[in-house]
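Visitor: no sequence on this one, just coordinates:
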């Protein structure tokens, strides 16, 4: 066990050197002209001394930091005094007019806050609250501790234990600008919005109605980017109105008969609207137009095929390399790429939906915001869960993506058929073959694309009529910590260190949260009549490990890869090929299922990688800003390779390869492998080039193209099997008390961490600024058991050194001897 249990003090002078600045005459105040000599009466005075820090209440003391080069904590000082309005050198004669006449009304308790002699300025109003303690990082103390320091630490820990945040945490937000109603209306004409930057379907706000005033106030806050307070109604001063009937009335009775109105104000918080490019209107517009274009192209292709075949040939060698590539690969490449483009949008919509819910004017319940988990859900269940929560944007995006990823490639590959039927081609290898478009499958594909285009229009409206409330992307643990330290939201996670997701939901389900000025703010508990249904979120994962990293999920997937490899061999080289002749879409559909299942494995690895690095202890600061779930899968592969996160790289590279699996498998669906075996047996004496260019009589493949396609398909399946096996062997054990798949789950890991002091004032930092700040601190981080700010033992992420690492099933906080080294167990 490691403790930082000692301080080191360095006493400093309590007051800077005093300069003699008094003079006998004030004929000249300009320093460039003749000045009077100094007065001897000011020999021991600090009257109007040089500007600089002045200590009050005793000497200051400094505490060296660990790994930070030293720092200083100064006692709270009274408000600073500015120089006199009469100039720097105030005459002795003018001081006579400033004499304070003593009387009994002056309290002697004010002497402790008296200004230094000779200083005069306006005074700030004294706050009714106690002055807050300085922002401290208890992990950086070193040196022997004195009794005063023990008392100081105990006072901070007592405040944390009683529910009061310290060190600048939970300091709240207050308006920085006050605007009157008349000023707001006068300075808010019809807003001219730039179509390329912000798209809105709403009308221009009106200044006549109260709702219009609220919209004007919100627009003004958005324009300024700061919190503003608008005075909606001011009290009318009627005390000067007098008449004959009020002459004889006393003052109290007179005020009781006059109408009075209190000042009514409203506070408006800025609502920024950052969103990734894949959720902005140009990208959604392009997806919608692409859907319409593909639907029209498919219909045109069918109409042309109905009049005459698209291609005629007797052997695959008659097609040529160009036409062969167009026929065999281009349709599948287009449909697969189309699905990937929709996936980029769908991932971001699911990830940011909680922030859209929090940024509404009334906020959202925990079950619809910080407890939302779309990451671990299987693809086909997401639309239903989104509809249950009334997250219509997620439902729209999920349905469109499912159709684009699964149905469009399957129908696209099956719609192109080779005629005549396979039995005829096998009986007459030299018969003329034709490539046509299936009328039924083509119309289904066209209808599917039009449905996706309609869903794209709906998603366009949903995404551009709401504001995200974010200034930049919230990535990783650091992003969530930065937007949570300004309020008291961390106190809601007391005793939830090792709770599972269901217990967290049961604790927070009746509490409402909102996103104000880029900070998460709790709105308090709801009334009994408006509480949520207990069955809102019964499907939160209870196991601390994702399904695809456990035996019940990974082993069936491995078996499925082997079964698919055997099935592919059967339909190619045995009479079972009748299956693909009657239903050519079966092979493509199975390949799509493998792709979707691999996507679940990919998501689990990307989600857990930062926590796995922290679990291994002494992780660099960039781990807190690492978030692989917020990147496209192609970018993740190269980023993981650069970061030397080999497991993430292998899995994400498999995600890229599995997209090619769909393309290659589709081209094998129309091939009769028995022709290939016959050619191999009968053509052993032919030259190499002639042998490779021989066409397979039952389809549009040559020996070379069939061999390359089959080899790539088998290699991809073997790669998926080997990588999935390695992932299961290396990551099958749980190393977290729960899955970090929701905002609440992550906040429960850090709610008592001392590292939160480093995030004070970073709510509006970008990811790059946050990474630069954390790197400058030079600290290491880990996941395990540590002593929190309240002096109790907690489990989560904090600055090293920790007390112990985390081992699943061992709760050090419940142990009778928590100081034991549990790592040896």
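Guide: Nice, thanks for sending it over. Values in this document were obtained by computation on a predicted structure and should not be read as measured data. Residues are numbered from 1 along each chain as shown.

Visitor: show me where this protein has strands.
Guide: Ranges of strands in the chain, per DSSP state E, are 61-63, 71-73, 177-180, 228-233, 264-268, 311-313, 364-365, 416-419, 433-437, 511-516, 519-525, 781-787, 793-799, 804-805.

Visitor: would you turn the ones you listed into TSV with mean neighbour count, mean pLDDT and distance to residue 615?
Guide: Any C-beta I mention is one placed from the backbone N, CA and C, and that applies to glycine too. Formatted as TSV, those follow (neighbours: other C-beta atoms under 10 Å; pLDDT from 0 to 100; distance: least, C-beta to C-beta, whole Å):
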stretch	mean neighbour count	mean pLDDT	distance to residue 615
strand 61-63	18	34	31
strand 71-73	13	35	30
strand 177-180	15	80	46
strand 228-233	18	78	45
strand 264-268	17	80	42
strand 311-313	17	80	57
strand 364-365	22	90	31
strand 416-419	18	80	50
strand 433-437	20	84	54
strand 511-516	23	91	28
strand 519-525	18	81	25
strand 781-787	24	93	5
strand 793-799	25	93	10
strand 804-805	20	90	7
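
Visitor: Of those, give the one that comes closest to residue 597.
Guide: strand 416-419 (26.3 Å; C-beta to C-beta).

Visitor: Which elements pack onto the closest one?
Guide: strand 433-437 (3 or more C-beta pairs under 8 Å, 6 or more residues apart in numbering; DSSP states H and E).

Visitor: In terms of secondary structure, what does the strand it packs on contact?
Guide: So strand 433-437, by 3+ C-beta pairs under 8 Å, 6+ apart, packs with helix 281-307, strand 311-313, strand 416-419.

Visitor: quick one, which of those is nearest to residue 364?
Guide: Per C-beta to C-beta, nearest to residue 364 of the helices and strands packed on strand 433-437: helix 281-307, 23.5 Å.

Visitor: residues making contact with stretch 602-613?
Guide: Stretch 602-613 is touched from outside by 375-376, 476-477, 546-549, 619, 623-624, 626-629, 633, 636, 640, 645, 647-648, 651-652, 654-655, 727, 731, 735-736, 739-741, 783, with contacts defined as C-beta atoms under 8 Å, 6 or more residues apart in numbering.

Visitor: Once you drop chain neighbours, what's closest to residue 581?
Guide: Using C-beta to C-beta, 6 or more residues apart in numbering and skipping the chain neighbours, the partner closest in space to residue 581 is residue 422 (4.4 Å).

Visitor: on that earlier part again, make CSV out of the strands of the chain and add distance to residue 572.
Guide: What follows is these, written out as CSV (distance: least, C-beta to C-beta, whole Å):
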stretch, distance to residue 572
strand 61-63, 74
strand 71-73, 71
strand 177-180, 73
strand 228-233, 70
strand 264-268, 67
strand 311-313, 21
strand 364-365, 53
strand 416-419, 15
strand 433-437, 19
strand 511-516, 55
strand 519-525, 56
strand 781-787, 49
strand 793-799, 51
strand 804-805, 51
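
Visitor: so which of those strands gets nearest residue 353?
Guide: That would be strand 364-365 among the strands of the chain, by C-beta to C-beta, at 10.1 Å.

Visitor: Check whether residue 314 really touches residue 431, as I assumed.
Guide: Yes - judged on C-beta atoms under 8 Å, residue 314 makes contact with residue 431 at a distance of 7.4 Å.

Visitor: who touches the residue nearest to residue 581 in this structure?
Guide: Residue 422 makes contact with 577-578, 581, 672, 698, according to C-beta under 8 Å, 6+ apart.

Visitor: likewise residue 491?
Guide: By C-beta under 8 Å, 6+ apart, residue 491 lies in contact with 163, 165, 170, 751.

Visitor: ok, of those, which one's closest to residue 447?
Guide: Residue 447 lies nearest to residue 751 out of the contacts of residue 491, by C-beta to C-beta, at 50.4 Å.

Visitor: right, and that closest one touches residue 494 too?
Guide: Yes - counting by C-beta under 8 Å, residue 751 touches residue 494, with 7.3 Å between them.

Visitor: Between those two, which has more neighbouring residues?
Guide: Between residue 751 and residue 494, residue 751 has the larger neighbour count (other C-beta atoms under 10 Å), namely 23 against 16.

Visitor: per-residue confidence for the more buried one?
Guide: Among the per-residue scores, residue 751 holds a pLDDT of 91.

Visitor: show me the contacts for it.
Guide: The contact partners of residue 751, by C-beta under 8 Å, 6+ apart, come to 490-491, 493-494, 496, 796.

Visitor: I figured residue 743 was touching residue 357, is that so?
Guide: No - Residue 743 is not in contact with residue 357 according to C-beta under 8 Å; the separation is 10.8 Å.

Visitor: Find residues that contact each of the two.
Guide: Common contacts of residue 743 and residue 357 (C-beta under 8 Å, 6+ apart): 369, 372.

Visitor: quick one: contacts for the residue lying closest to residue 381 once chain neighbours are set aside?
Guide: In space, and not counting its chain neighbours, residue 381 is closest to residue 539: 8.0 Å by C-beta to C-beta, 6+ apart. Residue 539 makes contact with 377, 381, 385, according to C-beta under 8 Å, 6+ apart.

Visitor: In helices, which of those fall?
Guide: Applying DSSP state H to the contacts of residue 539, the entries found in helices are residue 385.

Visitor: So which of the contacts of residue 539 wins on neighbours?
Guide: Using other C-beta under 10 Å as the neighbour criterion, residue 377 leads those with 21 neighbours.

Visitor: Look up how far residue 539 lies from the nearest residue to that one once chain neighbours are set aside.
Guide: Among residues not flanking residue 377 along the chain, residue 385 sits closest, at 6.0 Å (C-beta to C-beta, 6+ apart). Separation of residue 385 from residue 539 (C-beta to C-beta, to the nearest Å): 7 Å.

Visitor: Overlap in contacts, the two.
Guide: Residues touching both residue 385 and residue 539 (C-beta under 8 Å, 6+ apart) are residue 377.

Visitor: To residue 457, which of the strands of the chain lies closest?
Guide: For these, proximity to residue 457 was assessed by C-beta to C-beta; strand 364-365 is nearest, at 25.6 Å.

Visitor: so what strands line up beside that closest one?
Guide: Strand 364-365 pairs in its sheet with strand 511-516 (antiparallel), by DSSP bridges.

Visitor: Any stretches of the stretch 451-600 of the chain with poor pLDDT?
Guide: Scanning the stretch 451-600 of the chain for pLDDT under 70 picks out 524-538.

Visitor: who are the neighbours in contact with residue 595?
Guide: Residues near residue 595 by C-beta under 8 Å, 6+ apart: 405, 658-659, 661-662.

Visitor: Max pairwise distance over the residues you listed: which two?
Guide: The largest separation in the contacts of residue 595, counting by C-beta to C-beta, is between 405 and 661 at 13.4 Å.
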